[in-house]
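Peer 1: curious how this folds, go ahead:
(one chain, ligands or ions: 1)
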Amino acid sequence: MRYLCGVVFYGLCSFWAVFPATLFAQSETPSVEDDGKLRIICFGAHPDDAEYKSGGAAALWAKQGHHVKLVAVTNGDIGHWAISGGALAKRRTAESAEVAKRLGVTSQVLDIHDGELMPTLENRKTITRIIREWNADIVIAHRPWDYHPDHRYVGILVQDAAFMVTVPFFCPDVPALKKNPVFLYSSDRFQKPYPFVADIAVAIDEVFDKKVEALTALESQTFEGGALGSAETMAAAPPASQPEARLAWLKERWARRAGGEANTFREALIRWYGEERGMQVKYAEAFELCEYGRRPNNAELRQLFPFFPPPDK
Ligand SMILES: [Zn+2]
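Peer 2: Below is the predicted model of the structure:
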């Protein structure tokens, strides 16, 4: 199914030629031919957020031939307790690309310092251009209420782009989208100003193993302790010489995390999958509809999430 008009413009105006300095790396050049498939873009603040929050849904879309791109808006260069700077940014960019490869999707990491993202006009333009270039049907991002300033500002920047992607004279170097995408928030546990609302819950059971196996590629984050880690936390994970133990260790953690999402958002799972199947779902990811951008009805949401069963089943 195709939600947006033709994309002939992509070949006329290369993002790479216009803004090479804003980009750090991309795992592959996206194809924007109108092939009847959906185009989904997931923004996270760091090279792991989009993977964690949307990796299962991304794998489900990719399985059906739809096109998914995971974008890290900062390069993750302070996201480790022992190393930082360009070397870490390169490592995390490569790890993100490897996750994307394993999920069957595309990735991009912007060369903006971790911890220093601001909701500037320049960044609003960058996000707008990226959404247009991807010709997105669905855009996913953090809510603008989150513990980390980079997460909050990704939410703000994507909200700020939610109308501007359709305005022709804003960033006229990249043609505006003819149809506004559906904008979604990824789940979180923050309560103020209001708790996350699971308008959509996706059962990821059939791709759970694939998601976790893909996430093992995020070595600098997953197995080494992240920004607040230490030699002790790093030692708590199995070493690189034991890949099977590492996978099992990570699977156990993600079973708790994705299992918790399924239980927390059970009502939404039942709404989309029906009582019987909804109750059986073990692992889930959930999304909230942003009130900016296109406002889809349930029938359109079922087309955008084509792995949901028909409503009468
Ligand atoms: Zn993050």
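
Peer 1: strands along the stretch 51-200 of the chain, start to end?
Peer 2: Counting by DSSP state E, counting those that start in this stretch, the segments of the stretch 51-200 of the chain that form strands are 67-72, 106-110, 138-141, 182-186, 200-203.

Peer 1: right, and these - which one's nearest the ion?
Peer 2: Nearest to the ion among these is strand 67-72; the distance by CB to the ion comes to 8.4 Å. (Glycine included, C-beta is placed from N, CA and C.)

Peer 1: ok, the closest one: who's next to it in the sheet?
Peer 2: Using DSSP bridges, the strands paired with strand 67-72 are strand 39-44 (parallel), strand 106-110 (parallel).

Peer 1: what's the most buried one of those?
Peer 2: Compared across those, strand 39-44 shows the largest average neighbour count, a mean of 27 (mean count of other CB atoms under 10 Å).

Peer 1: is it positioned near the ion?
Peer 2: No: between strand 39-44 and the ion, judged by CB under 5 Å from the ion, nothing touches; the nearest distance is 6.2 Å.

Peer 1: now stretch 142-156
Peer 2: No: Stretch 142-156 is not in contact with the ion by CB under 5 Å from the ion; minimum separation 5.5 Å.

Peer 1: Gly293: neighbour count?
Peer 2: 23 (other CB atoms under 10 Å).

Peer 1: quick one: it from the ion, how far?
Peer 2: Between Gly293 and the ion the computed distance is 23 Å (CB to the ion, to the nearest Å).

Peer 1: in the chain, which spans are helices?
Peer 2: Assigned by DSSP state H, the chain shows helices spanning 15-18, 49-63, 86-103, 121-134, 149-164, 208-215, 219-222, 231-236, 243-264, 266-273, 275-280, 298-304.

Peer 1: dump stretch 126-133 to PDB, keeping only the CA atoms.
Peer 2: What follows is stretch 126-133, C-alpha atoms only, in PDB (Å, rounded to 0.1, in the frame of the first residue of the first chain):
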ATOM      1  CA  THR A 126      17.800  18.500   9.400                       C
ATOM      2  CA  ILE A 127      15.000  16.300  10.800                       C
ATOM      3  CA  THR A 128      12.500  17.700   8.300                       C
ATOM      4  CA  ARG A 129      14.800  16.900   5.400                       C
ATOM      5  CA  ILE A 130      15.500  13.300   6.700                       C
ATOM      6  CA  ILE A 131      11.800  12.600   7.000                       C
ATOM      7  CA  ARG A 132      11.100  14.000   3.500                       C
ATOM      8  CA  GLU A 133      14.100  12.100   2.000                       C
END
